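Chemist: Kindly return the folded structure for what I paste below:
(one chain, ligands or ions: 2)
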Amino acid sequence: MELALQFMAFFAFIFLAGYLAPAAQFYFLYRNRPDRIQSARPRPGQIAREVRLSIITVAIFAAGSTGLMQLYQAGLTNIYWDRHDYFPGYGILSVLLCLVLHDTWFYWSHRAMHTPALFKLTHAGHHKSVTPTPWAMFAFQPAEALIQFAGIAMIVIFLPLHPLALLAFLGIDTTVNVAGHCGYECVPAWAKRLPLLRIFSTVTSHDAHHTNMRVNFGSFFNVWDRFCGTYNSGAENEKLEHSASREPSPISRPHALEQNNASRLNTARWTRALPD
Ligand SMILES: [Zn+2]
Ligand SMILES: [Zn+2]
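Modeler: Numbering: from 1, shown residues only. Ligands and ions are numbered 1, 2, ... in the order given. From the prediction side, this is the model:
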């Protein structure tokens, strides 16, 4: 009985605070902006599919959280409540560590899910959205939802974390995830030019991953992508697409745009062939 109540409480919290509120907010803020990254619009029925998959993901996350709560109650996690248990500043450091560790898990598990052996089983559902909407933030197949949850669970089990640090990390993760699918570049241009901020992913870079599945596997940072040669800022594609939309003749399009469009068409054809 207690387990069922815990599950329902986690489900309600993750669904309302982690999915419905951020997805609705970003959807209504950005859906009609004229300067969207892609000129294409979401396909009919796409949002219903994204919401359907996301609700299943929320249920898996709620079940996982209930399991983690059992581990916490048995003293098997590294959650601590007294901030004097660790040196001053550890709280902030632990949030940064969460971002680095989770980004590393995300990059490598994401690349693994893109291998032919795992793609259809784990990640094809997310890539059905070639022009993603904020409702796709949790649009994972069950196997991918388990892999995503495992990354967070390992952090909670092994890294000493204050509950406020955990909440801060989950808040950042939720914001980056929903923004990455909103279709509009929310990061100001001046911020992208600051050298220190260049290591962060942008909306454009994750959007580019949805049109070209060979680039941008990272979550918060693009460091692994740059190191492994899978980085593409997406800015060139964005610029070319916008300039091409003003050019009447397709013959004068730059070669890079032809390549980008070819890749986009292949991605669209491939993902259309995937099962729902
Ligand atoms: Zn992917
Ligand atoms: Zn995505």
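Chemist: ok, for residue 143, nearest residue in space, not its chain neighbours?
Modeler: Once its chain neighbours are removed from consideration, residue 143 has its nearest residue in residue 122; the separation is 4.4 Å (C-beta to C-beta, 6 or more residues apart in numbering). C-beta here means a position set from N, CA and C on the backbone, and glycine is covered the same way.
Chemist: I'd guessed the one you found sits against residue 145; true?
Modeler: No: using C-beta atoms under 8 Å, residue 122 is not in contact with residue 145, being 9.4 Å away.
Chemist: Could you pick out the longest helix of this structure?
Modeler: Using DSSP state H, we find that the single longest helix of the chain is helix 46-73.
Chemist: and it, average pLDDT?
Modeler: Per-residue pLDDT values over helix 46-73 give a mean of 98.
Chemist: Quick one: list the elements packing against that helix.
Modeler: For helix 46-73, the packing partners by 3 or more C-beta pairs under 8 Å, 6 or more residues apart in numbering; DSSP states H and E come out as helix 2-13, helix 142-158.
Chemist: One more pass at 10 Å, please.
Modeler: For helix 46-73, the elements it packs on are helix 2-13, helix 21-30, helix 124-127, helix 142-158, judged by 3 or more C-beta pairs under 10 Å, 6 or more residues apart in numbering; DSSP states H and E.
Chemist: just so I know, which of the ones you listed lies nearest residue 57?
Modeler: Nearest of those to residue 57, taken as C-beta to C-beta: helix 142-158 at 4.3 Å.
Chemist: For the closest one, list every residue counted as buried.
Modeler: With burial defined by 16 or more other C-beta atoms under 10 Å, the residues of helix 142-158 counted as buried are 144, 145, 146, 147, 148, 149, 151, 152, 153, 155, 156.
Chemist: for stretch 78-97, same thing?
Modeler: 79, 80, 90, 94, 95, 97.
Chemist: just the strands in the protein please.
Modeler: If you assign secondary structure with DSSP state E, the chain ends up with no strands.
Chemist: Geometrically speaking, which residue is the centre of it?
Modeler: Central residue of the chain (C-alpha atoms, centre = their mean): residue 177, 3.8 Å from the mean position.
Chemist: Might you report the residue contacts of it?
Modeler: Taking C-beta atoms under 10 Å, 6 or more residues apart in numbering, we find residue 177 in contact with 18, 19, 22, 23, 134, 136, 137, 138, 148, 206, 219, 220.
Chemist: Residue 3 is in contact with residue 67, isn't it?
Modeler: Yes: Residue 3 is within contact range of residue 67, at 9.4 Å (criterion: C-beta atoms under 10 Å).
Chemist: Counting neighbours around each, name which of those two comes out higher.
Modeler: Set side by side, residue 3 and residue 67 show unequal neighbour counts under other C-beta atoms under 10 Å, the larger going to residue 67 at 15 against 12.
Chemist: Tell me if I'm right that the more buried one and residue 146 touch.
Modeler: No: at 11.4 Å, residue 67 does not count as touching residue 146 under the criterion of C-beta under 10 Å.
Chemist: quick one: common contacting residues for the two?
Modeler: residue 153.
Chemist: who touches residue 99 in this structure?
Modeler: Applying C-beta under 10 Å, 6+ apart to residue 99 gives the contacts 168, 169, 172, 173, 176, 200, 219, 220, 221.
Chemist: which one of those residues sits closest to residue 227?
Modeler: residue 221 (10.3 Å).
Chemist: burial of that closest one, as a residue count?
Modeler: 18.
Chemist: and stretch 58-75, how far out from the chain's middle?
Modeler: Counting by C-alpha atoms, centre = their mean, to the nearest Å, stretch 58-75 is centred 22 Å from the centre of its parent chain.
Chemist: tell me which residues of that stretch are tucked away?
Modeler: Neighbour counts over stretch 58-75 (16+ other C-beta under 10 Å) mark 58, 59, 60, 61, 62, 63, 64, 65, 66, 68, 69 as buried.
Chemist: so, if you compare the residues you listed, which one comes nearest to residue 184?
Modeler: Distances from residue 184 to the buried residues of stretch 58-75, taken as C-beta to C-beta, are shortest for residue 58 (24.4 Å).
Chemist: roughly how far apart are the closest one and residue 173?
Modeler: Residue 58 sits 14 Å away from residue 173, going by C-beta to C-beta, to the nearest Å.
Chemist: for residue 70, same thing?
Modeler: Residue 70 is 23 Å from residue 173, where distance means C-beta to C-beta.
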